[in-house]
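[1] Show me how the following folds:
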Amino acid sequence: MGNGDVRVRGIAARAGGWSARHRWAAVGVWVLFVVLTMGIGSAMGSVEVKDSDQLKGETSTAAHIVEEAGIEEPAVESVLIQAKSDGTRATDPAFRAAVDDVMKAVGDTGKVMDVTSPYAAGTISKDGRSALVQFDVRGASDTAGERIEPVLKAVEGVQEEHGTLRIEEIGGASMMKTFDDAFGDDFQKAEYSAVPVALGILLIAFGAVVAALLPVALAVTAIIATMGLMAIVSHVIPMSDTANSVMLLVGLAVGVDYCLFYLRREREERAAGRDAQTALRVAAATSGRAIIVSGVTVCVAMAGMLFTGLAEFEAMGLASLMVVAVAMVGSVTVLPALLSLLGGRVEKGRIPFLHPDKRRGNGRSGAGAESHFWNAVLRVVLAKPALSLVVATGALLAVAAPAVGMKTQNLTLDQEFGDSLPIVQTYNRVNEAFPGGSEPAEVVVKAKDINAPDVRAALADFKKEAVASGASRGPVEIKVHDAQNVAFVYVPLVGGSDQDRAGASLDTLRDEVRPATLGEVDGVEAPITGQVAGNKDFNDQLTGAVVPVFAFVVVFAFLLMLLSFRSLTIAVTSIVLNLLSVGAAYGILVAVFQHGWGASLVGAEGVGAIITWLPLFLFVILFGLSMDYHVFVVSRIREARLRGRTTKEAIRHGVVTTAGVVTSAAVIMVAVFAIFGTLSMQSMKQMGVGLAAAVLIDATIIRGVLLPAVMALLGERNWYLPTWLNRLPDLTHDESPEPAPLPAREDERVRI
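    I've put the predicted structure just below:
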C-alpha cells in the first residue's frame, strides 16, 4: 500500500478530502458564495447605526426624543473674533465693524441661517477680548461639511480686512471638512497598503509568486464575502464604518494566517517524501484541524463584544466574527481544492534569491525546515526552563507594570490631533475664552405643552441655576420648537476641554440643578446629552461591560482549549500566557501614550490617557488572534509527543518546525497593524502600536520562551486530565506518524 493510502478522519480532514476530490465544485461553490453575498448585500444596502442606538442612558433617551419629534438639528458654527492685543475690546468700533462684516459675509453665502450677534446673545468673553458670532448651516448636519467651504472662504476674506483681530471659524461642519481634507484618505491608504505589504512579506516567506498569492486571494475573497454579509445582517443589527475597518484588519490577519498554516504543512509533507495527495490529506487533518480550533476560539473571543451593549462594539464584534468564520471555512474547503488543482504549479514564479530552497541551501522547504535561530533559543530554554520562565515572566511583568496606573478617557481634539491643524488652535482659544463653549451640554426638554407657564418657569430657573451652581459661566441658550413641544438648552460647562472638571460640571447639572428645576414639573423629560455627557455615558457603560466580556471570553476560551486538547493543564496555561501577553501590551500603551516614554520613536506623544474603548477592544482582538499561534504550536507539540518523542524533544520539534510560519504570520500582522500606527490620529496610533506590540511579544517571548519553558517544567503533567472530566467530548485527533519518504503502514490513521 503506497503512502497515498493514508486514511484520515474528522471535520477538517473530511472537508479537505471532499474538496480535493471535487476540486472544481469546491472552487465553484466558493466563487458563487462570494459573488452572491456581495451581490445580495449591494442590492439590499447597508443600515448604519443610528445616534439614538449608539449608547444607553440619557444620551440615548435624548436622541430618541429628537428622532421621534422629527427635528433635524443643524450643524452649529461659531466665528471667533479675538483681539490680538490687550488694549482692544469687543466694545471698540473696529471690533464691532469686524463683527458686522462677519455676519454679513456668512449671511451672503446663502449657506447659513439664524446668524446671531454676540452683542444680542451675550457671547462675549469675561475679559472682553473675544466674541462669538454663531449660526446654523442649512441642510442635514451629517453632510454639512460638504457645504461649508464658501462660508470658510468668506470668513477668511474678513480676516484679511481686519489684521489687528483674529477671526477664525470652528464648529461641527468646519471640523468635519478639515478632518476629511486632512485625514479622509488616511484610513483608505492604510487599508489599501495592507494588502501589498502582506503580499511582499509572503513573497519573501515562500519565494514563489503563486504560493504568495494564495493566502492574499483567500483573505481578500473572505473580506469581500463578509462585506456582503455585513450589509445583509445590518438590517437586523446595524453596522458602521468602524466595524468595516476592523473587519478588514481581522480578515486580512486570520485569512493569511490560516492559509499559511495549511500551505506550509502541505509543503512540509511533500518535502518529507509524501506524494501530493497524501501531503494534502495530512495537512487537512492537522493544520486544518488547528485552523478550526483556532477559528472557533477567535469567533468566541469576538462574540465577547456583543456583551457590551454598545452598538459600535456589537457591530465590530459581529463583523469580526463573520470574517473569521468565512476565512476559516474557506481555508478548509476551497484551499485544499486549489492546492489539488495547482499541484506542483504552486511553486510557479520562483524568485531565485528569495526561494526557501536557495536560502537554506538544501532540498527542504516550508515549515519543516528548522530554524537555526529558534534551535539555539530552545537549547537554552530547555536546558534551564526554570530560569527562562523566571526571566521571561519577570520581563513581561515589568513591561506590564505601567498598566496598573492606566487612565482611560475619550481624547479631546487637541489630544487627538495635537497642534498639527489650525482648527485645533482655534478650538483651544475658544475653550480658553469661553470654557465649554465649543462642546456645551445639551438639555433636551420634552413636555406636553412646552409653553405652559410652569414649564417656561422651570426653563428659566434651570438657566439661572446652571450659572449660579458654578456648573456654567454662561451664556445659556434656549431654543424652543413649539410644534414638537421640545426645547433645547445649551449649557457651556466649566472645565472646557479639561474632561475631569467638565464631567464634574455635568454631574452638578444632572444631580443638583435639573432635579431642583425641571424635575419639579410633572410630565417633563430632560435628559442631558452633548459631547461630555456622551463620553461619560459611554465610559460608564463600557466599565460595566468589562467584567461580563472578560469572563465570557476567558471561560469559553478555556473550555475550547480543554475540549480540543483534553488537558486541564494546557487549558489553564493557555489562558495565563494569553493574559500575560495582553497585560504587556497594556503596559506598553500606558508607557508610550500616557506617560510619553519613547513616544517620539513611534511618531506619537504622551497625551496623558488611553482612549476609552481601546483596552476592551485590544483584549478581545488579541485574545482571539493569539490563539492562532498557540493552537498551531501546541498541536505540533502534541503531535510529536504522540509519535513517541520525549516531552522535551516534542517541545523542541513543535516550536522549531512552526517557527517559520509563526514568524511569517506575525511579521505580516505587525506590519499591517503598524500601518495604522502611522496615522495622524492618536487613537489610531494607540490601536496600531498596541496590536503590533502584542503580536510581536506573543510570537516571540510567549511562544518561543515562556510556552516551552512552562511545558518543559510540567513534563507529562502537560497532558493531565482529571478522571471525572473523561466524559467530556473528545475533539482531539491522532496525527499522522512521522512523515518520511517511505510507504506508510496500513494501519496509519489521522483523525479528529
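
[2] so is P352 in a helix, a strand, or just coil?
    coil (DSSP: H, G, I helix; E, B strand; the rest coil).

[3] Count the residues that sit near it.
    By other C-beta atoms under 10 Å, the residues close to P352 number 8. In short, each C-beta sits where N, CA and C put it, glycine included.

[4] CA-only coordinates of stretch 534-546 in PDB, if you can.
    Provided in PDB are the C-alpha atoms of stretch 534-546 (Å, rounded to 0.1, in the frame of the first residue of the first chain):
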ATOM      1  CA  GLY A 534     -21.900  61.100  25.700                       C
ATOM      2  CA  ASN A 535     -18.300  60.400  26.800                       C
ATOM      3  CA  LYS A 536     -19.400  59.900  30.400                       C
ATOM      4  CA  ASP A 537     -22.300  57.600  29.400                       C
ATOM      5  CA  PHE A 538     -20.000  55.600  27.100                       C
ATOM      6  CA  ASN A 539     -17.400  55.200  29.800                       C
ATOM      7  CA  ASP A 540     -20.000  54.100  32.400                       C
ATOM      8  CA  GLN A 541     -21.500  51.600  30.100                       C
ATOM      9  CA  LEU A 542     -18.100  50.300  28.900                       C
ATOM     10  CA  THR A 543     -16.900  50.000  32.600                       C
ATOM     11  CA  GLY A 544     -20.000  47.900  33.400                       C
ATOM     12  CA  ALA A 545     -19.300  45.600  30.400                       C
ATOM     13  CA  VAL A 546     -15.700  44.800  31.300                       C
END
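
[5] What are the contacting residues of that stretch?
    55-60, 307-310, 313, 408-410, 499, 503, 506, 612-613, 616 (C-beta atoms under 8 Å, 6 or more residues apart in numbering).

[6] switch the cut-off to 7 Å
    55-59, 307-310, 410, 499, 503, 506, 612-613, 616 (C-beta atoms under 7 Å, 6 or more residues apart in numbering).

[7] same deal with stretch 665-684?
    By C-beta under 7 Å, 6+ apart, the residues outside stretch 665-684 that reach it are 183, 186, 190, 193-194, 197-198, 201, 249, 252-253, 256-257, 260, 411, 415-417, 420, 593, 602-604, 607, 611, 628, 685, 687-689, 691-692, 695-696, 699.

[8] one step back: out of the contacts of stretch 534-546, which one sits closest to V524?
    Lowest distance from V524 to the contacts of stretch 534-546 (C-beta to C-beta) belongs to E58, with 14.1 Å.

[9] what's the distance between that closest one and R514?
    Separation of E58 from R514 (C-beta to C-beta, to the nearest Å): 10 Å.

[10] Could you tell me which residues touch both of the two?
    Common neighbours of E58 and R514 (criterion: C-beta under 7 Å, 6+ apart): I528.

[11] so what's the most centrally placed residue in the chain up against?
    Nearest residue to the geometric centre of the chain (C-alpha atoms, centre = their mean): V246, 5.1 Å. V246 sits next to M316, A319, S320 when contact means C-beta under 7 Å, 6+ apart.

[12] G330 too?
    Going by C-beta under 7 Å, 6+ apart, G330 touches W30, L218, T221, A222.

[13] Check the gap between the closest residue to the second one other than its chain neighbours and M305 for me.
    Spelled out, that is L218. Spatial nearest neighbour of L218, excluding adjacent residues (C-beta to C-beta, 6 or more residues apart in numbering): C259 at 4.8 Å. Using C-beta to C-beta, C259 is found at 25 Å from M305.

[14] circling back: out of the contacts of stretch 534-546, which is nearest to T178?
    Of the contacts of stretch 534-546, the one sitting nearest to T178 (C-beta to C-beta) turns out to be N410, at 19.0 Å.

[15] picking that back up, could you pick out the buried ones from the contacts of stretch 665-684?
    183, 186, 190, 194, 197-198, 201, 249, 252-253, 256-257, 260, 411, 415-417, 593, 602, 604, 607, 611, 628, 685, 687-689, 691-692, 695-696, 699 (16 or more other C-beta atoms under 10 Å).

[16] Which of these fall in strands?
    I611 (DSSP state E).

[17] pLDDT value on F353, please?
    With respect to pLDDT, F353 scores 65.

[18] And I65, by the same measure?
    The model's pLDDT for I65 equals 88.

[19] contact partners of the helix or strand in which it is found?
    Assigned by DSSP states H and E, I65 belongs to helix 58-69. Here helix 58-69 makes contact (C-beta under 7 Å, 6+ apart) with 51-52, 73, 444, 446, 481, 484, 486, 525, 527-529, 533-534, 537.

[20] buried subset of those residues?
    Neighbour counting with 16+ other C-beta under 10 Å marks D51, S52, V444, K446, V486, P527, I528, T529, A533, G534, D537 as buried within these.

[21] Make a markdown table out of those and add distance to E716, pLDDT and secondary structure.
    Shown next, in a markdown table, are the buried ones among the contacts of helix 58-69 (distance: C-beta to C-beta, whole Å; pLDDT from 0 to 100; DSSP: H, G, I helix; E, B strand; the rest coil):
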| residue | distance to E716 | pLDDT | secondary structure |
| --- | --- | --- | --- |
| D51 | 58 | 62 | helix |
| S52 | 58 | 58 | helix |
| V444 | 66 | 91 | strand |
| K446 | 69 | 92 | strand |
| V486 | 71 | 91 | strand |
| P527 | 62 | 91 | coil |
| I528 | 62 | 90 | strand |
| T529 | 60 | 88 | strand |
| A533 | 58 | 83 | helix |
| G534 | 55 | 83 | helix |
| D537 | 53 | 83 | helix |
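
[22] who are the neighbours in contact with the residue sitting furthest away from the middle of the chain?
    In the chain, the residue that sits farthest from the middle, by C-alpha atoms, centre = their mean, is P93; the gap is 53.0 Å. P93 makes no contacts at all, as judged by C-beta under 7 Å, 6+ apart.

[23] Please identify the member of the contacts of V246 with the greatest number of neighbours.
    Most crowded among the contacts of V246, counting by other C-beta under 10 Å, is A319 at 30 neighbours.

[24] any idea how far that one lies from K448?
    A319 is 42 Å from K448, where distance means C-beta to C-beta.

[25] do T164 as well
    52 Å.

[26] returning to what we had before: the residue nearest to L218 and A217 touch, don't they?
    No: the criterion here is C-beta atoms under 7 Å, and C259 misses it with A217 at 8.5 Å.

[27] more neighbours, those two?
    More crowded of C259 and A217, by other C-beta under 10 Å: C259, with 28 against 18.

[28] List the contacts of S193.
    When contacts are counted by C-beta under 7 Å, 6+ apart, S193 touches I675.

[29] Which pLDDT value goes with it?
    pLDDT for S193: 76.

[30] got it, and the one 3 residues further on?
    According to the prediction, P196 has pLDDT 82.

[31] Provide the secondary structure category for G523.
    coil.

[32] That one reaches A447, doesn't it?
    Yes: between G523 and A447 a contact is recorded at 6.3 Å, counting by C-beta under 7 Å.

[33] Neighbour count for these two, which is higher?
    Shown here are G523 and A447; by other C-beta under 10 Å, A447 has more neighbours (22 against 11).

[34] Can you pull the phi/psi pair for the more buried one?
    Phi and psi for A447, reported as degrees, to the nearest 10, are phi -140, psi 160.

[35] which residues touch it?
    Contact partners of A447, counting by C-beta under 7 Å, 6+ apart, are V455, N485, G523, V524.

[36] Can you flag the buried ones in the residues you listed?
    If we count by 16+ other C-beta under 10 Å, these have these buried: V455, N485, V524.

[37] Quick one: classify K448 as helix, strand or coil.
    coil.

[38] ok, and the closest non-adjacent residue to it?
    Nearest-residue entry for K448: G523, 5.3 Å, with adjacent residues in sequence omitted and distances by C-beta to C-beta, 6+ apart.

[39] Local confidence estimate at the one you found?
    Model confidence at G523, given as pLDDT, is 87.
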